[in-house]
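In: mind looking at a prediction? Sequence and model below.
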Amino acid sequence: MKRADTAALKAAMLVAADAIIAAEPELTRIDKVIGDGDHGIGMKTGFTAIRRQLEKTDYSTPYDLFHACGLCLVKSMGGSSGVLFGTLLIGGLEAIRNKEILDGGDMCSFLSGGIDAVVRRGKAKAGYKTMVDALLPAKEDMQKALKETNDIDRILSAGEAGALRGVEETKAMLPRLGRSKGFRESALGWPDPGAVSVSVLLGGLKKGLSE
Ligand code: ADP
Ligand code: MG
């Protein structure tokens, strides 16, 4: 799909929500080793709330759709990741205000704005073993891909690939922020759960727009 309207983006968010919900056991397993074990349940709660919200409401613009999804996460999840994943969906909204259809460049601007907002809000630097270590390579790869294509599914595909590269890199990182810093050495070899969630979210959106 080259461009996506609100209905296509809503369908993609539903596919992404199912992907996050299906990843709950894996996210829980990882967060039990390197965090306090609640990341999978938190994400499942947040994306179940998104599912329910989208099933009962239609939105007239991508802005309204992503805004509602971000608010669902902030309200239902709690914990640092609720605010941070909510910020990812809300922080870049200005880039798509008044747009009815998004192309690859719009999606890249929207997500890049959200990524910058997560960095400002969470104050994690690259290498701290957080979701930021998946978000920054995702942004880099989307911006690179934009030089070759303006198709929204190919931009999301590049974002997913960047996030997955970031997830691999987190395996060798020692945690510095948040609760998992108490588990420093035992976290080696394991990816950061928030980074894994980023790759699942971007992969789900891409899958939803490619179907
Ligand atoms: P909590 O840390 O409140 O238990 P979760 O377990 O749901 O929240 O989420 C943990 C994930 O949140 C981590 O794996 C990390 O990716 C992300 N995270 C936590 N704090 C920060 C932060 N300050 N900046 C960026 N990401 C963070
Ligand atoms: Mg946790």
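Out: Okay, I see it. Ligands and ions are numbered 1, 2, ... in the order given.

In: hey, what's D5 bridged with?
Out: Taking DSSP bridges as the rule, D5 bridges to I101.

In: A145 versus that one, what's the distance?
Out: According to CB to CB, to the nearest Å, D5 stands 21 Å off from A145. All C-beta spots, glycine's among them, are computed from the backbone N, C-alpha and C.

In: swap in A117?
Out: Distance of A117 to A145, given as CB to CB: 21 Å.

In: go on, A158?
Out: Following CB to CB, the distance that separates A158 from A145 is 4 Å.

In: who has more neighbours out of the two?
Out: Neighbours around A158 and A145, counted as other CB atoms under 10 Å, are more numerous at A158. The numbers are 25 against 21.

In: name the element that one belongs to?
Out: Using DSSP states H and E, A158 maps to helix 152-170.

In: check contacts around the residue in the chain sticking out farthest from the centre.
Out: Within the chain, the residue lying farthest from the chain centre (CA atoms, centre = their mean) is E185, at 26.3 Å. With contact set as CB atoms under 8 Å, 6 or more residues apart in numbering, E185 has these partners: L174.

In: so the closest residue to Y59 other than its chain neighbours, which of the three states?
Out: Leaving aside its chain neighbours, Y59 sits nearest to L65 (4.1 Å; criterion: CB to CB, 6 or more residues apart in numbering). At L65 the chain is in helix, as set by DSSP: H, G, I helix; E, B strand; the rest coil.

In: any idea how far L65 is from V198?
Out: Per CB to CB, L65 is found 19 Å from V198.

In: which of these two has more neighbours?
Out: For L65 versus V198, neighbours defined as other CB under 10 Å are more numerous around V198 (31 against 23).

In: so where is the chain shaky, pLDDT-wise?
Out: For the chain, the stretches with pLDDT under 70 are 177-183.

In: in it, what residue is nearest ligand 1?
Out: G194 (2.0 Å; CB to the nearest ligand atom).

In: quick one: contacts for that residue?
Out: Contacts were defined as CB under 8 Å, 6+ apart; by that measure G194 touches H39, S81, L84, T130, M131, A134.

In: tilt between whichever strand or helix holds L202 and helix 152-170?
Out: Using DSSP H and E, L202 sits within helix 193-210. Helix 193-210 and helix 152-170 are oriented at 160 degrees to each other (axes from the mean of the first three to the mean of the last three CA atoms, to 10 degrees).

In: wait, does helix 193-210 contact ligand 2?
Out: No: judged by CB under 5 Å from the ion, helix 193-210 stays clear of ligand 2, getting no closer than 7.4 Å.
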